[in-house]
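In: Whatever this is, show me its structure:
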Amino acid sequence: MAAEPPPGGTQVSPLSLRHPRGELRVLTWRSHLYQSPLKPAYEFLSLCQDQHEAFLQDTNKFGVTDEEVRMAQDRKGLGQNLRDTARGENIHRIYIDVQRTRGDMAFFRNEKTRRLLLNLLLTYCEKHKQDYTQGMNDILATIVIAVMADIAVVHALNKKNRNHPGYSESLVSRVGLEYLGSDSFYIFEAIMNKVSSMFAPAESSHSRSASGGQEHLIVMSRFAQESVLKHVDRQLYEFMSTSKAPPELYMLKWLRLLFTREFEIYQVLTIWDELVKTDGIHQKIGYGLVEFLCVALLRHVRFELLNFVALDDDHRMVEAMERILHFPSVPDIQSLLDEAKMYRQRFLKGEFGPPDADQYEIYRRRQSQSQNTTTRTTRIDNNEVTCTKAKENQQETKTAGERGGTKRGSQSGCMHGGTKGKRSSSSILSNIKSFFSRPKSASDAPPAPAERAPERQREREPPGGMSGFRFSRQQKQQKQKQQQQQQQRKQ
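Out: Numbers count the residues shown, from 1 in each chain. Purely as a prediction, here's the structure:
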């Protein structure tokens, strides 16, 4: 059962975000993530103590200094010098993101809280020699507020001199402000180990692997749409395919940030309870819960997508994205979680295909098929354009042949497809040879140059040069006949 929404808006108290059944998330999450049972308690307590001591050493070695904080605050002056090193660049980027993390909550607008987030994120990046990636701040902020809610619960019990009914005194004594940093850091580190493939940048100044997390997120989103949504809701799948909205366009934020920006903070904590306890964050695609929760979220806005987005509109992808990204409120978050768990069970049973299939290989094969289809379509389109142009040229030639007259059409139509229609190449060749090899008559013979020169000269002379000179009707007919014969010989 999900917790009731806390009142107060920006003045949300950490106590109002406590677990609905009274569990202490700082203990249960850590127990599941590090596979260390709470009973017997001494093993878990030993783990926590060792991690706390290691955390103090790491923060002394990698933590942010006061001078670095002042340089980060001075963006125009010392801040420019700070960015000359990989560490300084990390500090700069973390500082900017921390300033806008959960600004709707007064707790995260506190300078001590922001300094804590900056210190933890920088220690993690320096310890693991990786660049800071946007979104890590949202993951850490969710963990910090969960730990603070447990601290508030324990503080309220201590004020009333009461013991927690679900945990021993030794375990409860490990929940306090003095352990806020180490508890938050090691829960964050364990979750980042599970989602590291989603945050791997394409390039890194620490010479990390350049495989990048973008491909992993794309494969996860394509799996959610092509392998899950296609089987559970065919109509919605066809709509999303028709809208030409790639699933990674909207699922990337869901997957990378584990839904921290899609819901109210108390609902996010409820989702994380399921993700941590049920191994919902898994390196192998299809074995976690986040991929199937994406499908459940899509089906939650199914009515709006199918009824309010016009399929015949050129801007349907934009409309679909607006409906999905501006996600409506979800009164019962547990129903979405139950739906996602049902989809995962069906997948593991093999209803959506072999569960052990390599999703990366399936994605690359689909990409290859898509590229081949695009290439084949382009070739077909080019051939159609070529054929269309050839037909147009043939039609123009045919029209020109018909305009040449009946005699010309009978002689040249065999070559251009005129009044005689289509003929074989041998027939066309024989007609051409017979035309040029037939005996020439007197009318076909061109006039002598001496005879034609005066006529050309007369054509060039202006009318005023020979006053009143005009060609006779017989001379005009003879001239036209000679021109026709010359055109026939050229063809």
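
In: Please report the separation between the first and final residues of stretch 125-139.
Out: 14 Å (C-alpha to C-alpha, to the nearest Å).

In: Next: stretch 238-255.
Out: Stretch 238-255 has an end-to-end distance of 22 Å (C-alpha to C-alpha).

In: Which residues does it contact?
Out: Where contact means C-beta atoms under 8 Å, 6 or more residues apart in numbering, the residues beyond stretch 238-255 that reach it are 198, 217-218, 220-222, 224-225, 229, 261-262, 290-291, 293-294, 297-298, 305-306, 309, 311, 316-317, 320-321, 324-325. The way it works is simple: take the backbone N, C-alpha and C, and place the C-beta from them, glycine included.

In: Buried subset of those residues as a ChimeraX selection?
Out: To isolate the buried members of those in ChimeraX, using 16 or more other C-beta atoms under 10 Å:
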select :198,217,218,220,221,222,224,225,229,262,290,291,293,294,297,298,305,309,316,317,320,324
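
In: from the contacts of stretch 238-255, which ones fall inside helices?
Out: 198, 217-218, 220-222, 290-291, 293-294, 297-298, 305-306, 316-317, 320-321, 324-325 (DSSP state H).

In: I'd like to know how far residue 116 sits from residue 272.
Out: Residue 116 is 19 Å from residue 272, where distance means C-beta to C-beta, to the nearest Å.

In: And residue 166, what's its pLDDT?
Out: Note on residue 166: pLDDT of 91.

In: element containing it?
Out: In the assignment (DSSP states H and E), residue 166 maps to no helix and no strand.

In: what are the phi and psi values for it?
Out: Main-chain torsions, residue 166, degrees, to the nearest 10: phi -100, psi -10.

In: pretty sure residue 102 is touching residue 108, no?
Out: Yes - with contact defined as C-beta atoms under 8 Å, residue 102 counts as touching residue 108 (4.0 Å).

In: Touching both of the two, which residues are there?
Out: 141, 145.

In: what's around residue 81, how many residues?
Out: Using other C-beta atoms under 10 Å, residue 81 is surrounded by 11 other residues.

In: quick one, what contacts it?
Out: Residue 81 neighbours (C-beta under 8 Å, 6+ apart): 71, 88.

In: What's the separation between it and residue 93?
Out: Relative to residue 93, and taking C-beta to C-beta, residue 81 is found at 16 Å.

In: Same check on residue 110?
Out: Taking C-beta to C-beta, one finds residue 110 at 21 Å from residue 93.

In: what about those two, which has more around it?
Out: residue 93 (20 against 11).

In: my guess is that one contacts residue 132, does it?
Out: Yes - if you go by C-beta under 8 Å, residue 93 and residue 132 touch, sitting 5.1 Å apart.

In: list residues touching both of those two?
Out: With C-beta under 8 Å, 6+ apart, residue 93 and residue 132 have no common neighbours.

In: And the strands in the stretch 1-150 of the chain, which stretches?
Out: Read by DSSP state E, counting those that start in this stretch, the stretch 1-150 of the chain holds no strands at all.

In: in it, which segments are predicted with low confidence?
Out: 1-11, 75-80 (pLDDT under 70).

In: Let me see the ranges of the helices in it.
Out: Assigned by DSSP state H, counting those that start in this stretch, the helices in the stretch 1-150 of the chain fall at 25-33, 41-62, 66-73, 78-82, 86-99, 106-109, 111-128, 136-159.

In: got these as TSV, with distance to residue 234 columns?
Out: Formatted as TSV, the helices of the stretch 1-150 of the chain follow (distance: least, C-beta to C-beta, whole Å):
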stretch	distance to residue 234
helix 25-33	36
helix 41-62	47
helix 66-73	52
helix 78-82	54
helix 86-99	40
helix 106-109	43
helix 111-128	43
helix 136-159	34
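
In: Nearest to residue 284 among these would be which one?
Out: helix 25-33 (17.2 Å; C-beta to C-beta).

In: Any chance you could list what contacts the closest one?
Out: By C-beta under 8 Å, 6+ apart, helix 25-33 touches 19, 36-38, 44, 48, 146-147, 149-151, 167, 171, 174-175, 183, 186-187, 190-191, 269, 272-273, 276-277.

In: Stretch 112-127 too?
Out: Contacts for stretch 112-127 (C-beta under 8 Å, 6+ apart): 58-59, 61-64, 69, 87, 90-91, 94-95, 98-99, 101, 107-108, 131-132, 136-137, 140-141, 144, 180-181, 184-185, 188-189, 192.

In: Mind giving me the ChimeraX select for those residues, buried ones only?
Out: Of these, the buried ones go into a single ChimeraX selection, burial set by 16+ other C-beta under 10 Å:
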select :58,59,62,63,64,69,87,90,91,94,95,98,99,101,107,108,131,132,136,137,140,141,144,180,181,184,185,188,189,192
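
In: quick one, what contacts the closest residue to residue 262 other than its chain neighbours?
Out: Leaving aside its chain neighbours, residue 262 sits nearest to residue 327 (5.3 Å; criterion: C-beta to C-beta, 6 or more residues apart in numbering). Residues in contact with residue 327, defined by C-beta under 8 Å, 6+ apart, are 262, 263, 297, 300, 301.

In: From residue 296, how far out is residue 327?
Out: 12 Å.

In: what do those two both touch?
Out: The contact sets of residue 327 and residue 296 do not overlap (C-beta under 8 Å, 6+ apart).

In: And residue 40, its phi and psi?
Out: Per-residue torsions, residue 40: phi -70, psi 150 (degrees, to the nearest 10).

In: how many neighbours does it have?
Out: Neighbours around residue 40, by other C-beta under 10 Å: 9.

In: do the same with residue 239
Out: Residues near residue 239, counting by other C-beta under 10 Å, number 19.

In: Can you give me the buried ones in stretch 157-174?
Out: Per 16+ other C-beta under 10 Å, stretch 157-174 contains these buried residues: 164, 167, 171, 172, 174.
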